[in-house]
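J.: pasting the sequence and the predicted coordinates here, then a few questions.
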Amino acid sequence: MPVQATNRVPSRLHELSAEEQTVYRQLDPTKIPQHVAIIMDGNGRWAGKRALKRFLGHQQGAESVQYVVETASRIDLPFLTLYAFSLENNLRRPKAEVSFLMKLLKSYLIGNVKRMNDNNVRIAYVGRISQLPNEVQETMHWAAEQTARNTGTTLTLALNYGARGEIVDAVRSALTRLAAEQNGTVPLNALLAGLTEEHVSRALYTAHMPDPDLVIRTSGEMRISNFLLWQIAYSEIYVTERLWPDFRGKHLLEAIQQYQGRERRFGGLANATEDKAVEPEQALVR
Ligand code: FPP
């Protein structure tokens, strides 16, 4: 019998650990999210609880990144975005901590590109990258290039990232593009009237990705901290008390399990909702 050519990539589910497989078996494989975004928090507290310096918490946090990325790639999660360094971190943390985080990022990329390739993971970035130290930018470009041909999970690191800044950048670039399309002949009020959500979405740093289905925040804080504000309008949010350095692939799968139990409405009604009792006009006159 002729062997049929197929483009299907063989499943890597057997590479999940036994613990991960136990959680995975409870998931609906047809409802794996397209995009999970994570606010990695609690590195400092993890270190503090052990009377260690904060930088050791960050170092341990970088280990968690790799565990989680590999589990994401094994379940074929298309997009994983990690909030690794915010604009505010850059401005408000002590210089020594910022400089350590930059060194850690560099050594993380150098040390893990081979594993990314083994796991078919492509590395990308969002944020004001041009403001990062040149040598860090060089390593980032190198790692992106080395993994550019991979076709599995896209790992996006948000670096020197702030969502308000991103929205400002996007509106500026969308208006500039609109003006250029009209050869600069259209008055400002007409340009503004023509600006749509679609124009802004297409000008965001994340234009090439679907919006996150699920946002995870570790360490129990109930905040979004200027992360992907536009893109998470309808995302499900999952907060765990677990500190980032203790977060593993199994915990990613648990978050996905909870996500699968949620009912997403996007501003509409629940599927089962049928208001049979009265017509809206009748309800008003009662
Ligand atoms: C929050 O912990 C985390 C960060 C500021 C940065 C995240 C960085 C990492 C996970 C490590 C490096 C990442 C890569 C991609 C190599 P925190 O310091 O705010 O913790 P705290 O709130 O407990 O003080």
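T.: Arrived safely.

J.: tell me who's in contact with residue 231.
T.: Residue 231 is in contact with 37, 204, 206, 211, 212, counting by C-beta atoms under 8 Å, 6 or more residues apart in numbering. No exception for glycine: its C-beta is placed from N, CA and C like everyone else's.

J.: try 10 Å
T.: Contacts for residue 231 (C-beta atoms under 10 Å, 6 or more residues apart in numbering) come out as 35, 37, 81, 163, 166, 201, 204-206, 209-212, 215.

J.: is it true that it lies in a strand?
T.: No - under DSSP: H, G, I helix; E, B strand; the rest coil, residue 231 sits outside any strand and is assigned coil.

J.: any figure for the gap between it and residue 33?
T.: For residue 231, the distance to residue 33 equals 13 Å [C-beta to C-beta, to the nearest Å].

J.: ok so, going back, which of the contacts of residue 231 are buried?
T.: 35, 37, 81, 163, 166, 204, 205, 206, 209, 211, 212, 215 (16 or more other C-beta atoms under 10 Å).

J.: sorry, back to before: what is in contact with residue 231 and residue 33 at once?
T.: Joint contacts of residue 231 and residue 33 (C-beta under 10 Å, 6+ apart) are 210, 212.

J.: count the neighbours of the residue in the stretch 51-200 of the chain that the ligand sits nearest to for me.
T.: Per C-beta to the nearest ligand atom, residue 61 is where the stretch 51-200 of the chain lies closest to the ligand, at 3.1 Å. If you count neighbours by other C-beta atoms under 10 Å, residue 61 ends up with 26.

J.: check the one 3 residues further on too.
T.: Residue 64 is flanked by 24 other residues according to other C-beta under 10 Å.

J.: in a helix, it, correct?
T.: Yes - assignment of residue 64 by three-state DSSP places it within a helix.

J.: ok, it to residue 41 distance?
T.: For residue 64, the distance to residue 41 - C-beta to C-beta - is 12 Å.

J.: can you list residues touching both of these two?
T.: 218, 243, 244, 247.

J.: circling back: in terms of contact, does the residue of the stretch 51-200 of the chain closest to the ligand touch residue 244 like I think?
T.: Yes - with contact defined as C-beta atoms under 10 Å, residue 61 reaches residue 244; the gap is 4.9 Å.

J.: now do the shared contacts for these two.
T.: By C-beta under 10 Å, 6+ apart, the residues touching both residue 61 and residue 244 are 40, 41, 42, 43, 44, 46, 218.

J.: ok, now which ones touch the nearest residue to the first one once chain neighbours are set aside?
T.: What it means is residue 40. Excluding its sequence neighbours, the residue lying closest to residue 40 (C-beta to C-beta, 6 or more residues apart in numbering) is residue 244, at 4.3 Å. By C-beta under 10 Å, 6+ apart, the contact set of residue 244 is 38-46, 57-58, 60-62, 64-65, 68, 82, 217-219.

J.: thank you, goodbye.
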